[in-house]
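Student: what follows is a predicted structure for the sequence shown.
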Amino acid sequence: MPGGRLTQQERQQIALGLADGLAYAEIARSLDRPTSTITREVMRNGGPTAYRADLAHRATERRTQRRRQAAPRAPEAAPQAHGRDAEAVREFEETLTTVFMQSGMPKMMARVHACLCTTDSGSLTAAELVQRLQVSPASVSKAITYLDGQGLIRRERDERRRERYVVDDDIWYQSMMASARSTAHVVETARQGVGILGPGTPAATRLENIARFLDFVSESIARAADQAREVLHAKPEGGSDDRG
């Protein structure tokens, strides 16, 4: 399987494959590349509907140039636990960051969230995030405020009284429940509008249908989250606690 960076010709083949509606795995097979390489390439360059080979190639050249310029100042990569490939971990973090951004999360918030999600401990201090991401403390602080407000992290103090930011087993459950409550609030507001606009009018009917749809969705989300909550605490068979 070939290694190294994608060539411009390969990017053109990716663009053609997307235009033909091919799945990432099919495109990857035609290029003899890992599917993750194609997924990361497309998602970091506009997604499947906006991907352009020429723009993606120029963007990659600019990123490469910036990295070379920053190389003398960059710290050595931290040693990876469990025999992991450091480069593969870095690339996966970039892919996860891009996926979070595609879901609507701002870039820095997505980077911090991906960094937390890929640590064995599930928690880092502000200083550790600054060091890992090579960004300013202000950027980390802003990202943490956003993620905390979205219910995607929680704060705690360690034995040295440092504030740590945590993505634990229950965070995703709490986030889903917060989403369900937010949707329920939209339902309540939409139904208030029905009375104001006049039951039976086109606008009121539209709002009532929106309310009925979102009511069903929010209840389904809450019910499914309750039923599946124990999955978040399950350990893989043969696994062990790797918080060492």
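Tutor: Right, received. Where do you want to start? Because the structure is predicted, anything quoted here is derived from the model rather than measured.

Student: quick one: pLDDT of Ala56?
Tutor: Looking at Ala56, its pLDDT stands at 85.

Student: I'd guessed Gln102 sits against Gly47; true?
Tutor: Yes. Using CB atoms under 8 Å, Gln102 is in contact with Gly47, at 6.3 Å. No exception for glycine: its C-beta is placed from N, CA and C like everyone else's.

Student: what about the helices in the protein?
Tutor: 8-19, 24-31, 35-43, 53-70, 86-102, 107-117, 126-133, 137-149, 171-197, 202-228 (DSSP state H).

Student: and the second one, how far out from the chain's middle?
Tutor: Right, helix 24-31. Between the centre of helix 24-31 and the centre of its chain there are 23 Å (CA atoms, centre = their mean, to the nearest Å).

Student: can you list contacts of the helix or strand of the chain with the lowest mean pLDDT?
Tutor: Across the helices and strands of the chain, mean confidence by mean pLDDT, DSSP states H and E is lowest for helix 53-70: a mean of 76. With CB atoms under 8 Å, 6 or more residues apart in numbering as the test, helix 53-70 has contacts from 5-6, 8, 11-12, 14-15, 41, 45-46, 74.

Student: just the buried residues from these, in ChimeraX please.
Tutor: Of the contacts of helix 53-70, the buried ones can be selected in ChimeraX as follows, counting by 16 or more other CB atoms under 10 Å:
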select :6,11,14,15,41,45
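
Student: looking at the contacts of helix 53-70, which is nearest Ser179?
Tutor: Gly46 (26.5 Å; CB to CB).

Student: now the closest one: how far from Met109?
Tutor: 20 Å (CB to CB, to the nearest Å).

Student: got it, and Asp215?
Tutor: Using CB to CB, we find Asp215 at a distance of 29 Å from Met109.
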